[in-house]
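Undergrad: this is the structure alone, sequence omitted:
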């Protein structure tokens with residue numbers, strides 16, 4: 001009879017990273033799994049989803065005053081030709097990681 005975690009043990013022996021979760025908590029990576037415990041779960045660490053990059057162009061009319069900048073009109077559109085803004089979103093969660101003026 002195969003060990004309960006046979007497939008993961010084999011994957012780990014071939015270089016896969018293994019994570020564990022105790023009693024339904026969060027996942028954490030193991031360097032040397034013990035492969036035991038009734039309340040312990042194991043999994044092969046999933047590959048992260050690549051970030052999503054969106055390019056856009058801001059077109060607008062601005063009035064510069066002594067108090068700051070007043071925006072009269074602002075248009076933001078996704079544009080592949082000559083963009084002036086680059087947004088990077090986390091591939092797993094969709095959160096904005098960075099915005100860069102090009």
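TA: Good, I have the coordinates. Since this is a predicted model, take the numbers as computed values, not measurements.

Undergrad: what's the domain layout of this protein?
TA: Domains of the chain are assigned by automatic domain parsing as 6-44, 52-101.

Undergrad: mean pLDDT lowest for which of those domains?
TA: Mean pLDDT is lowest for domain 52-101 out of the domains of the chain, coming in at a mean of 74.

Undergrad: that one: end-to-end distance?
TA: In domain 52-101, first residue to last residue: 17 Å (CA to CA, to the nearest Å).

Undergrad: in a helix, that's where residue 11 is, yeah?
TA: Yes - with DSSP: H, G, I helix; E, B strand; the rest coil as the criterion, residue 11 is part of a helix.

Undergrad: circling back: adding mean neighbour count, write the domains of the chain out as TSV.
TA: (C-beta placed from N, C-alpha, C; glycine too.) Listed next are these as TSV, based on neighbours: other CB atoms under 10 Å:
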stretch	mean neighbour count
domain 6-44	12
domain 52-101	11
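
Undergrad: show me where the protein has helices.
TA: Assigned by DSSP state H, the helices in the chain fall at 6-13.

Undergrad: which parts of it are strands?
TA: 18-22, 28-30, 40-44, 52-65, 68-78, 85-89, 96-101 (DSSP state E).

Undergrad: for the first one, what is the distance to the chain centroid?
TA: Same thing as strand 18-22. 20 Å (CA atoms, centre = their mean, to the nearest Å).

Undergrad: who does it pair up with?
TA: Paired neighbours of strand 18-22 in the sheet (DSSP bridges): strand 28-30 (antiparallel), strand 40-44 (antiparallel).

Undergrad: residue 44 - nearest residue in space that isn't next to it in sequence?
TA: Spatial nearest neighbour of residue 44, chain neighbours left out: residue 16 (4.9 Å); criterion: CB to CB, 6 or more residues apart in numbering.
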